[in-house]
Structure formats: C-alpha cells, structure tokens
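K.L.:
Okay, predicted coordinates and the sequence, questions at the end:
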Amino acid sequence: DAGVTQSPTHLIKTRGQQVTLRCSPKSGHDTVSWYQQALGQGPQFIFQYYEEEERQRGNFPDRFSGHQFPNYSSELNVNALLLGDSALYLCASRGSSRGLIVPYEQYFGPGTRLTVT
Amino acid sequence: GQSLEQPSEVTAVEGAIVQINCTYQTSGFYGLSWYQQHDGGAPTFLSYNALDGLEETGRFSSFLSRSDSYGYLLLQELQMKDSASYFCAVEGNTPLVFGKGTRLSVIA
C-alpha cells in the first residue's frame, strides 16, 4: 500500500516565478491538507481539500492556491514567489466517515523542499 | 486564535524516561496529537487524545487534561533512534495547528 507521495522532492525557483507541487494521498483517503514548514519550525496549515473543494484555509495569502482532482490527488500552486516561501511543503491525507473527516492520524508525505533564490 | 507551547530542547540518557509537555490555547477543541519528525523526514503520527487521561502505545504514552489545556508525551526506555523533533498538535476549528516542536537528543 503506497503511502502519501509528493513530487518533486526538490525544486529551485527564482523570485517572481510560479510553482506547482503535487500530492497523491494514501489509498482510501479522500481529504488532503497542505502545510508549510520553515526550518526549525512546526508545520503551518495552508489549506485542506475535500470533495474537490477547499474546506478550510490557514493564514496564507491568495498567492497560495490549490486544487483537488476526482481521484483525490491534489496540487499546491504558489504565484509570485518570494524568498520567504523557501520551505518544506508537506502534504497530508486522512479519511472521512459519512462526510465527517476522521479527526486523527494524518499521514504525511515526504515533502517538497522549495528553494527560492 | 490557537497557540501551543512546548520546550524547544530536551536531552536525556539512553534507557531513561523523558516527558515533553504541551500547553495550548484554542478556539474549539477536538483532540491533541503528537508527531515525531526525524531530520529530513516527514512527521509521523504517534498518538491522539480526545478525552482526559493516559493513552499508551508501546514505549510511548500520551496524557491529556482538557480542563488544564495541557498534555504530555512520555517516552520510556529511550533509544538513540528516538532522537528527533516531537510536535504536539491541536485539532480545533483549524485542522491540526502544530507547536514549534521539541528537539529531543538521546545521549549514551
């Protein structure tokens, strides 16, 4: 059973560019969340997708946007990259029961290390 | 808003017991989770407490007091491989708000 997968593993971009990160959830999971983790900090919640809709959003600007596809995979897009966007971007998935998201045990992918120069 | 406080660093001897505390402030509370993250790795789930009391999973135990907005992670029989960062995370009105993490160093 494949866990959460993310691509690419590493990425280097220039300020002002745009980036798309991809995530495939663990088999059987339908809810995907994205987190940004700066060095030495805890992951910070960006947004969560369920049934192809953004269900909740953290305190991130509109430059951060996402999408969920019918197969539950997800993309994170960041426009107009800033140096401060350099971080590890983590995708996490969990299941739901009758439309209620199971409130525990998220499975994290290995992350995409984004460097903005 | 939501915030969590946990010690930034803890050092303990191999074979010993260590407790990592976490206090939280949250709007809406479903439960407190603990995650382990090795350098360069992804966070992995350790435990979840929704109700007051102690949950035990092998060498790891986690405790929650909802009235005190406090929890802790207890690691017993420490091994060198337990050296990692440990995060408490609150499930409230926002999915999983993480603390800044506690870096545990296990020494021989």
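P.N.:
Perfect, thanks for sending it.
K.L.:
any weak-confidence spans in chain A?
P.N.:
Residues of chain A meeting the criterion pLDDT under 70: A:1, A:96-104.
K.L.:
For chain B, what's its nearest residue on it.
P.N.:
A:Gly42 (3.4 Å; CB to the nearest CB). Just so you know, the C-beta spots here come from the backbone N, C-alpha and C atoms, and that holds for glycine as well.
K.L.:
near chain A, anything from stretch B:14-30?
P.N.:
Yes. Stretch B:14-30 is in contact with chain A by CB under 8 Å from any CB of the partner chain, via B:Tyr30.
K.L.:
Name the residues of that stretch that come out as buried.
P.N.:
B:Val18, B:Ile20, B:Cys22, B:Thr23, B:Tyr24, B:Thr26, B:Phe29, B:Tyr30 (16 or more other CB atoms under 10 Å in any protein chain shown).
K.L.:
Equivalent analysis for stretch A:14-24, please.
P.N.:
Those would be A:Val19, A:Leu21, A:Arg22, A:Cys23, A:Ser24, for stretch A:14-24 by 16+ other CB under 10 Å.
K.L.:
which element is the third one on?
P.N.:
A:Arg22 is part of strand A:19-24 when elements are defined by DSSP states H and E.
K.L.:
quick one: strands adjacent to that strand?
P.N.:
strand A:5-7 (antiparallel), strand A:74-78 (antiparallel) (DSSP bridges).
K.L.:
what secondary structure does the residue positioned nearest the centre of chain A sit in?
P.N.:
What sits nearest the mean C-alpha location of chain A, by CA atoms, centre = their mean, is A:Trp34, with 2.7 Å. Using DSSP: H, G, I helix; E, B strand; the rest coil, the structure places A:Trp34 in strand.
K.L.:
Run through the residues that contact the residue nearest to it when sequence neighbours are not counted.
P.N.:
Leaving aside its chain neighbours, A:Trp34 sits nearest to A:Ile46 (4.2 Å; criterion: CB to CB, 6 or more residues apart in numbering or on different chains). Contact analysis of A:Ile46 by CB atoms under 8 Å, 6 or more residues apart in numbering or on different chains lists A:Ser33, A:Trp34, A:Tyr35, A:Gln36, A:Arg57, A:Gly58, A:Phe60, A:Phe64, A:Gly66, A:Leu76.
K.L.:
Ok, A:Glu52 next?
P.N.:
A:His67, A:Gln68, A:Phe69, A:Pro70.
K.L.:
Okay, and the beta partners of the nearest residue to the second one once chain neighbours are set aside?
P.N.:
With sequence-adjacent residues excluded and distances taken as CB to CB, 6+ apart, A:Gln68 is closest to A:Tyr49, at 3.7 Å. When bridges are called by DSSP bridges, A:Tyr49 pairs up with A:Val32, A:Glu54.
K.L.:
Quick check: A:Tyr49 vs B:Phe63, distance?
P.N.:
Noted for A:Tyr49: a distance of 33 Å to B:Phe63, by CB to CB, to the nearest Å.
K.L.:
which one of the two has more residues nearby?
P.N.:
Neighbour comparison, A:Tyr49 and B:Phe63: the larger count goes to A:Tyr49, with 26 against 20 (by other CB atoms under 10 Å in any protein chain shown).
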